[in-house]
Each structure stands twice: as C-alpha cells, then as structure tokens.
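[1] Show me how the following folds:
(2 chains)
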Amino acid sequence: MKQLTVISGKGGTGKTTLTAAFASLAKNAVIADCDVDAADMHLILKPEILEKEDYYSLEIARIDPELCIECGKCREFCRYEAVSENFEVDPYECEGCAVCTIVCPNGAVSMKKKVSGQSFSSETRFGPMAHARLGIGEETSGKLVSTVRTNAKKLAEQYHKDLIIIDGPPGTGCSAISAITGTDLVLVVSEPTVSGIHDLKRVLELTAHFMIPTVICINKYDINEENTQLIENFCAEMEIPVIGRLPYNDIVTKAMLQEQTLIEYAKSSACLNENEFADQVCQIWARVENILMGVQDKQTGIKTLKMKNL
Amino acid sequence: MKIAIASGKGGTGKTTVSLNLALSLSDVQLFDCDVEEPNCNLFLGFDLEKVEDVVCPVPVIDQEKCNICRQCSDFCRYNALAALPTRVLFFPSLCHGCGGCAVLCPEEAIQESQRFLGVIEKAKGRSSPEFYRGLLNIGETMTSAVIKELKKHIDDHKTAILDAPPGTACPVITSIGDVDYCVLVTESTPFGFHDLKLAIGVVRALKIPFGVIINRWGLGDSRVEEYCKAEGIPVLLKIPNDLRIAELYSRGIPFVQEMPEWKEKFLSMFEAIKLQLAGVEEART
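    Numbering: from 1, shown residues only, chains lettered A, B, ... in the order given. Just a heads-up that it's a prediction; the model follows:
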C-alpha cells in the first residue's frame, strides 16, 4: 500500500482542491483529511459516516479544592504556568505532564481525561475516507493526525485499496510532521509569491529532514511568472521535480460553490478554458501515480526520486 | 492594546491584514506568531538580529547513578523516555521539558540541559513598526513554546498586533489567548465560511471580543456577510478581490504602501475596534 501526502508550505495554496480532484481521479484509494485543525475536504466529498470514535488528547490536571492546602508546590513546579493564583488549572495552558500530581503533598491533583474531538471512518462517492474533527482550542493535533492515518490504513486493508491520499496541514510543526512521516511521496503545492517561496523552502527542509521523496506543483503560476521561474530554478538546483504548473482559474471557486471536485465540475462545463484546466490536473495526477508506482515518466524522466540535503 | 489577526484557515490574508494595519498605525509593535512559517518580514525587509534562543530543558541521565528503576519512563506522558534492560533511552524530540523525571528520580541521576527549539528575532534599531518574530527550528514540534517566548516582548504601553498562525489548535490558542481583540480574516467561499465558524468558536470559547474582515470580497457568494449580520458580528472591512492587491502581495509589497487610500480605511477600522471595545467594557460595568 502506498501513501501520498499533499502539503503546502503556506495555507490557501489549493491543497484541498487538488486533493479532492485526485480523489475523484484515483481508482483505488482511501482519502485521509489530516488537516484536522481546519478540515475542509468533507465539504466537497460529503462523507457518510460509518464509524465515529471519541478522541482523547493528553489528560489535564484538576485540583480538588477540598484537598488543596494552597502550599503552592504545584505552581512552583509547573513549567507551563498553568496553575492560577487561586489554584485552578487553566485547561489551555496545561500540557498534561502530571508533575503537579507528584509534587502535591496532599494528593489534591488528579489527571482527568477529556474528549478533544472525534475521528471518523466514512464512505464517499469516491471511496472510503478517514477524517476528524478537533475540538475547539484543543491541542496535540499531531496525535489526532496519527489517528486519522491509522484509520485510513485500516480502511485500505478492509476495502483492499492500494493507495492512501492524505490532505496534510499547512506549516512545519507537529501536525505537518505527523502527516508526512512514513509516506512514500510528498506533493507540495506552492504558489509564486514571496511568502509562498519562503514557506516552500521551509517545507522542503522538513521533507529532506525526514528523507521523504518530494515533488512540487506550482499553483496560480501566472500571478507572478518571475517568481514561478525562481521556484523552478530553485527546484532544479535541489533536484526536486516540478510535476506541474496550474494557472489561476475561477473553476476552483465555482466547483467549491457547487460542492463538487473540479473534475466533476469540468465534466458539465462547456468552457474550454475550464476543461483545459481539469485536463492539466489529470496530467499531474497521472504523473503522481506513475511516480508512486515507480514507472518512468516520459515528460519528467523521473523514476527514482533523489533528495539533496538543503 | 493587543490585537490578534487570526483565521480558521491559512491563506486568507492574515499576514496582509497584520502588515497593512501595522503600517497604518504609529507607535505600534508587530509580532509574527506564525513561527512555523513567519512571513511578515518578507514584506518589511528589516535587518533582523537575534534577541534570544528559545530552549527547552531536557533530561541528561547519569548512567552510572541510574539503576533502571523505570520511574522516569513510567511517568513520562510524552513517551520521551524508554527503559531498556540495560539503560534508559531518551528521545529529545518528544520531550516537553516538564522536568518530572528529574523530580521523581530516587537516585538523583537526572540533571537537565537545554535543547534549542528556535530563535526570537527583532528588527535592528528603531523600526516602524517595531517588529519581532519567532522562528521554529525545522523538524521541531514545540511551536507554542516559541510563541510564548516571543510574546514576552510585548510592551503593554503600546499597541501590539499579533499575526497568528492558521488553524484552531494549540499554537493559535497560545497566540491569541490573552489579547484584547481578535480580527478574524476570511473569504466568502464554502471553505472560508466553514473555517470562519471554527475560528469564531475559538474566540467565543476564550471570550475575546472580535470582528471579521472579508478578504477577496466579490469572490464566492454572500454567505459570510449574511451570517455575520444574523449573528450580530461586525464586518470591519472588505478587501476586494483585486488583481492589483494580489500582484503587490506576490511581489512582497504591503498594499497600503502603493495604495495610500487604504491607510485611512485601516485607521478607521482601528477606531471602530476601539469603539467596539469601549462598548464591551460599558456592557460589563
């Protein structure tokens, strides 16, 4: 079973749009929405939930006011400043380390479980889907990302699917790391803006750090062709293949408003421009599939992916 | 006054709003709290200098003293310590630096050293806005620790603008947790609307007064505006889906610099925020 993760250095580059399009093109795949902070894929894929499970993040501390003698030990030892002056635990500050439970001389502190979200195994018109909802203001989204990936694997086994397509979160922190570790290929969706280039470099450092084969797709390449060239030069230098460039196109928003993938939308569209755009996405998908399957791609010449340390 | 600029999702224009607002005001501090992908200075181009390293205390186990009683590894909630039959292994990237293992160890075999998580940088000399940012090391997960350290540089006598990271999880809570006001930037598309509702959930849970900016206004539909109207949420500003703004952004130019008429709009937005806060204060007393 192969795993592809789509990430972007920067948010709003079209990651979910592209992943949803891939979902409608892939023949035998499970979809995993690992952008658990701002999961959006369900808005397009309309999953029918088969299984739902509560998700527990780390336990947090609770001080029993009956037992608390206000000695201040917990405040002294808590490195996250989570205990207030009147000996209440701030649930947003508490990291669940439980140091307070061992320093309290009166056994007033206990660790309490808390439901922090739900993970789902679902069915969509394009096949099975694993996704989740993180409770508002909850932490440890990296752990929830891992849960979604585990569920996706289970679904793949259960339904005999040979590919998992993962929509990853933005950034380079704990959730992004959880979404890419151990995957076969990372596709980075980038855009030709100064911030897009900056974030692309950071995210490429991340995939290099974890030694994961990486390819790039430049979205909205025509909003600044000079910057597009900069990205292509940089990628050439780093030996990271650019497997596609897509122009800015309204089809993305139009398809979203119809709650369709852009491939579905293009099928009913008579607009040449929109059909062309969808064709380009199909080509990108074909390349990704070839790379995943280890087939030599005619246009890019890629067979095995090389990585250079950045 | 501390104002955070947040949004449920990335790419809605948080950095654009933070920068243009900061450049429209005087005597203001700007903090780039998106330490995973800090972008503000790409538009400001300041010379930065390191203010400090952000570190996390980590255990160092004296294998001579350790008798592998397993208390530390059993206690560690982050699985950063693993007791093998012959020694205790430590995985630095999992450690949150709580110090519990050192407190517990009956043999006093655990000392602490420091692991570098990232840096805090500021603009050299006297810059306007006064600018600080955090930068998380690549491959590092302790995002919130860097943000916390960054926020220690806020001067309470000044207006501070905080460019928050995307999402609704811990780094966002750390960034916006104690601000006076939150500006939520969104766009009127199904994704934007969905994520806006999540962001509203966060600011409501934290009891932070807030308002909405609709970016790329004209794109999508009117659902965000209708929702805000129905919920009594102030729409502070509408930034049109303007090719010129997008093009300036792509080149790293904050649009108030080329379109000065927008400075006035950001200033009046700032005044409206102050009025809204005064109203909130009045309602409280």
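
[2] and the helix or strand harbouring residue A:154, which residues are buried?
    Assignment of secondary structure by DSSP states H and E places residue A:154 within helix A:141-158. By neighbour count, and taking 16 or more other Cβ atoms under 10 Å in any protein chain shown as the criterion, the buried residues in helix A:141-158 are A:141-149, A:151-153, A:155-156. Quick note: C-beta positions are derived from backbone N, CA and C, even for glycine.

[3] out of those, which touch chain B?
    A:141, A:142 (Cβ under 8 Å from any Cβ of the partner chain).

[4] picking up where we left off before, what lies in contact with the helix holding residue A:154?
    A:1, A:30-34, A:36-37, A:55, A:57, A:116-117, A:119-121, A:128-132, A:134, A:161-164, A:166, A:169, A:173-175, A:177-179, B:141, B:167, B:169-170 (Cβ atoms under 8 Å, 6 or more residues apart in numbering or on different chains).

[5] out of the residues you listed, which are inside helices?
    Within the contacts of helix A:141-158, residues falling in helices by DSSP state H are A:174, A:175, A:177, A:178, A:179, B:170.

[6] Please state the backbone phi and psi of the residue lying closest to residue A:58 once chain neighbours are set aside?
    Spatial nearest neighbour of residue A:58, excluding adjacent residues (Cβ to Cβ, 6 or more residues apart in numbering or on different chains): residue A:96 at 3.3 Å. Torsion angles at residue A:96 (phi, psi; degrees, to the nearest 10) stand at phi 70, psi 30.

[7] re the thing from before, narrow the contacts of helix A:141-158 to just the buried residues.
    The neighbour-count test (16+ other Cβ under 10 Å) applied to the contacts of helix A:141-158 identifies A:30-34, A:36-37, A:55, A:57, A:116-117, A:119-121, A:128-132, A:134, A:161, A:163-164, A:166, A:169, A:173-175, A:177-179, B:141, B:167, B:169-170 as buried.

[8] Which of those fall within strands?
    A:30-33, A:55, A:116-117, A:119-121, A:128-132, A:134, A:163-164, A:166 (DSSP state E).

[9] what about residue B:249, neighbour count?
    22 (other Cβ atoms under 10 Å in any protein chain shown).

[10] and if you look at the one 3 residues further on?
    Here the neighbour count serves as a burial measure; for residue B:252 (other Cβ under 10 Å) it reads 19.

[11] residue contacts, the spatially closest residue to it that is not a sequence neighbour?
    Spatially, and ignoring its direct neighbours in sequence, residue B:252 is nearest to residue A:194 (3.6 Å; Cβ to Cβ, 6+ apart). Shown in contact with residue A:194 (Cβ under 8 Å, 6+ apart): A:227, B:42, B:43, B:250, B:251, B:252.

[12] Tell me, please, where in the stretch 151-285 of chain B the pLDDT is lower than the cut-off.
    Applying pLDDT under 70 to the stretch 151-285 of chain B picks out no residues at all.

[13] Can you tell me which residues in it are near chain A?
    B:165-173, B:177, B:189-191, B:194-195, B:198, B:201-202, B:205-206, B:219-221, B:246-247, B:249-252.

[14] ok, now with 7 Å
    B:165-171, B:173, B:177, B:189-191, B:194-195, B:198, B:201-202, B:205-206, B:219-221, B:246-247, B:249-252 (Cβ under 7 Å from any Cβ of the partner chain).

[15] coming back round to it: give me the lowest-pLDDT entry from the buried residues of helix A:141-158.
    Lowest in pLDDT among these is residue A:141, which has 79.

[16] Walk me through the domains of chain B.
    B:2-46+B:127-283, B:56-116 (the TED database).

[17] Now do the same for the shortest one: mean pLDDT, whole number.
    Think domain B:56-116. 95.

[18] what's the span of that domain from first residue to last?
    End-to-end span of domain B:56-116 (Cα to Cα, to the nearest Å): 6 Å.
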